[in-house]
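Undergrad: Have a look at this prediction, sequence included:
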Amino acid sequence: MRGQMQRTRKSRLAAAAGLLVAIAAIAIVSVTGASARSSTDEISGAGATFPAPLIAIWQQKYEAAKGVKVNYNPIGSGGGIAAITQKTVDFGASDAPMTPDQFSACGGCVQLPWVLSATSVMYNMPLANNLHMTGPVLADIYLGKIKNWNDPRIKSINPGVSIPDQDITVVYRSDGSGTSYNFTSYLNTVSKQWKSDVGHGTTVNWPTGVGARGSSGVSGVVSRTEGAIGYADVAYALKNHLKFFSMKNRAGQYRRPGLVGIRAASLADRKFSPTNELSIVNPPGGKKFRKAYPICTYSYVLLRIQSDKASLLKPFVTWALTTGQQYGPAKVFQPIPPYVVARGKATLKKIHS
Amino acid sequence: MTFASKPVPGPAAFQRRGRFRPGDTVLYVVTLAAALSGVVLLGLVTRELLTEAWPAMDRFGLHFLTTQDWDPNKKVFGAGTFIAGTAITSFGALLLAAPISIAIALFLTELAPRGVRSAVGVLVDMLAAVPSVVLGFWGILVLGPFIVHTLAPALHGTLGFLPIFSTEPSVGSNVFAAILILTIMIVPIISSICRELFLGVPQELKDGALALGATRWEVARGVTFPYARAGIAAAMILGLGRAVGEAIAVTQVIGNSVAINKSLFEPGDTLASRIASQYIGADTTLQINSLVYLAVILLVFSLVANIVAQVIVRRVAGRHRAA
């Protein structure tokens, strides 16, 4: 009897404790939720991984200079578009410009180019440095038509280099990626068959090869696989000491991806589409573009025209377009040209709260 | 005090027995809520999946199950290659894992010295505790190169006439790597269930067989296996369910290629792996809808596997009670 009473008391105690814990949990959740919402000097963004190294610097510099905290979650271009569409962030970022469908789904969104860089094509061929590559040959490799390194077309653009009999392993991004968008847009311009069979996009139906996740996944497979070819943003390839091709531009020059090549290529498209799109892959030939690297891209920031955070967003994006650009070259981001800055500022005028 | 004989002991039942005891009421409500939350959650998840997948289901119908394309540009999506990839990797893993697991269980219950049993048993079970993402990394860094440089040349050299070993891989990401990773994952699951099953075989039966002059193997084959047969089948289905649903480790090693190859040394993809690799970066709603359609297929498969396993277990339990 006594034991039973003790047990009842214990169970009551346990129940009371359980209730307390539950109440405390609810209280904590609601309080933290409220405090996250009430802080005003904070803006949040999500999207492409491509501009993430530069945005990481901006976060520090901007908070130090203006006292505004910028959060950025590099979840990929597709994720950035989804996040701004669902209003879960104050700004999105995407390497692939938004399509008309995506604009109508977003309802009152604008995009503007804010970052400029390039995609490098990496390879693993231990004895061969500074290999040359052309667009049509690269497209045929990714189409699975050229399967071996000793193909005459590869040899003919690399005279004097001894290239072994070695199977080519094609490596691509298995996740949706702005780097893939840049790379496939380029292949579109150099190969009719690529354009009709595969096309361009953040994810495409790769005719051959093996997929890997993220720039780190692709470069990991390339560095472990002799004879492999892959692509990644140039900052990533440089940081990880991977070999990459000098790509032939339409002026007939072989160019390595770097600030000079990106600057030259950035002049290739001065005509903004109505949605501020610029395409600078495979710039035309001629003296002006002699130094251009052919696989360059702008990356875009996505904003809502009506935003509660307009008073914080407009100064931040303006700062990123101007002051922020000086931090780019250290990470192989070429500062955007003045007419792109002007267009961005004009677009920002539309944003209101 | 036999609550079980009453149909449902609601809070009123407690009150009728004289004193009102708030502790019991709280316990009843809390446990009821916990029990219901499981059911409700499954319902909500299923409903959400179906709503999200509906546009793709409406557009592609059941052709989705056989279509072998996954082309966001042409807006054509199909699960054919991923269903095949899932079947090949999970059944392949089961084929390797089942004999290994049964051998482990037999050794640990019948043959090993007492001191070794618990030590080895704990270690095998710990294999199940290795996070799948860690196993995936091991797959990329160790298993992949090992397959390319050692295992594949050996298998191709000796068994190359078999279609499944007909090519030599150039890269460590391939279907065979996924099968091996999944095998490592499900061995501890199957072997620990089998161990319990073998321990449950009545000692008198085994003693009887031994007394008749049976060898250890004859006891295993004639007494232990038949007695535990249904349970072994259920254990294998549970292992299969785990293999079918594994996403991260598979996506790290399988090569994410939309193709069905005869050779296991070529890249491929599975349902779960495709969802894991593409959901975040998907940029058209149709692609997201199609990915969720893949998830619906996966859910149906897992539910069926689980139900079959439970039916078998219940049948075995019923037989034991009868005996």
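TA: Great, that's in hand. What you are looking at is a predicted structure, and each value in this text was computed from that prediction instead of being measured.

Undergrad: Next, the distance between the ends of stretch A:88-95.
TA: By CA to CA, to the nearest Å, the extent of stretch A:88-95 from end to end equals 19 Å.

Undergrad: For the stretch 101-250 of chain B, what lies in contact range of chain A?
TA: Applying CB under 8 Å from any CB of the partner chain, we find that the stretch 101-250 of chain B lies next to chain A at B:140, B:144-145, B:148, B:170-174. Quick note: C-beta positions are derived from backbone N, CA and C, even for glycine.

Undergrad: quick one: buried residues of the helix or strand harbouring B:Ala230?
TA: According to DSSP states H and E, B:Ala230 maps onto helix B:225-245. Neighbour-count burial for helix B:225-245 flags B:225, B:227-228, B:230-245 (criterion: 16 or more other CB atoms under 10 Å in any protein chain shown).

Undergrad: how about the strands in chain A?
TA: Using DSSP state E, the strands assigned to chain A run over residues A:42-47, A:69-73, A:91-94, A:109-123, A:132-133, A:169-173, A:210-212, A:228-233, A:243-244, A:246-248, A:254-255, A:296-304.

Undergrad: Figure out which of these is closest to B:Leu50.
TA: strand A:42-47 (27.3 Å; CB to CB).

Undergrad: what about the closest one and chain B, touching?
TA: No - if you take CB under 8 Å from any CB as the test, strand A:42-47 misses chain B, and the best it gets is 10.4 Å.

Undergrad: Could I get the buried residue list for that strand?
TA: Quick answer for strand A:42-47 (16+ other CB under 10 Å): A:43-47.

Undergrad: now stretch A:235-245
TA: Using 16+ other CB under 10 Å as the burial criterion, the residues of stretch A:235-245 that qualify are A:235-238, A:242-245.

Undergrad: quick one: pLDDT of whichever residue of the stretch 251-353 of chain A sits closest to chain B?
TA: Residue of the stretch 251-353 of chain A nearest chain B, by CB to the nearest CB: A:Leu302 (12.0 Å). What the model reports for A:Leu302 is a pLDDT of 94.

Undergrad: The residue nearest to it when sequence neighbours are not counted: what's it in contact with?
TA: Among residues not flanking A:Leu302 along the chain, A:Gly92 sits closest, at 3.7 Å (CB to CB, 6 or more residues apart in numbering or on different chains). Residues in contact with A:Gly92 (CB atoms under 8 Å, 6 or more residues apart in numbering or on different chains) are A:45-47, A:80-81, A:83-84, A:301-303.

Undergrad: Tabulate those (a markdown table), appending distance to B:Arg274.
TA: Formatted as a markdown table, the contacts of A:Gly92 follow (distance: CB to CB, whole Å):
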| residue | distance to B:Arg274 |
| --- | --- |
| A:Gly45 | 28 |
| A:Ala46 | 23 |
| A:Gly47 | 22 |
| A:Gly80 | 21 |
| A:Ile81 | 20 |
| A:Ala83 | 22 |
| A:Ile84 | 25 |
| A:Val301 | 30 |
| A:Leu302 | 26 |
| A:Leu303 | 32 |
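
Undergrad: Is it correct that the residue of the stretch 251-353 of chain A closest to chain B is in contact with A:Gln111?
TA: Yes - taking CB atoms under 8 Å as the definition, A:Leu302 is a contact partner of A:Gln111 at 5.0 Å.

Undergrad: Just want to know which of those two has more residues nearby.
TA: Under the criterion of other CB atoms under 10 Å in any protein chain shown, the comparison of A:Leu302 against A:Gln111 puts A:Leu302 first, with 28 against 23.
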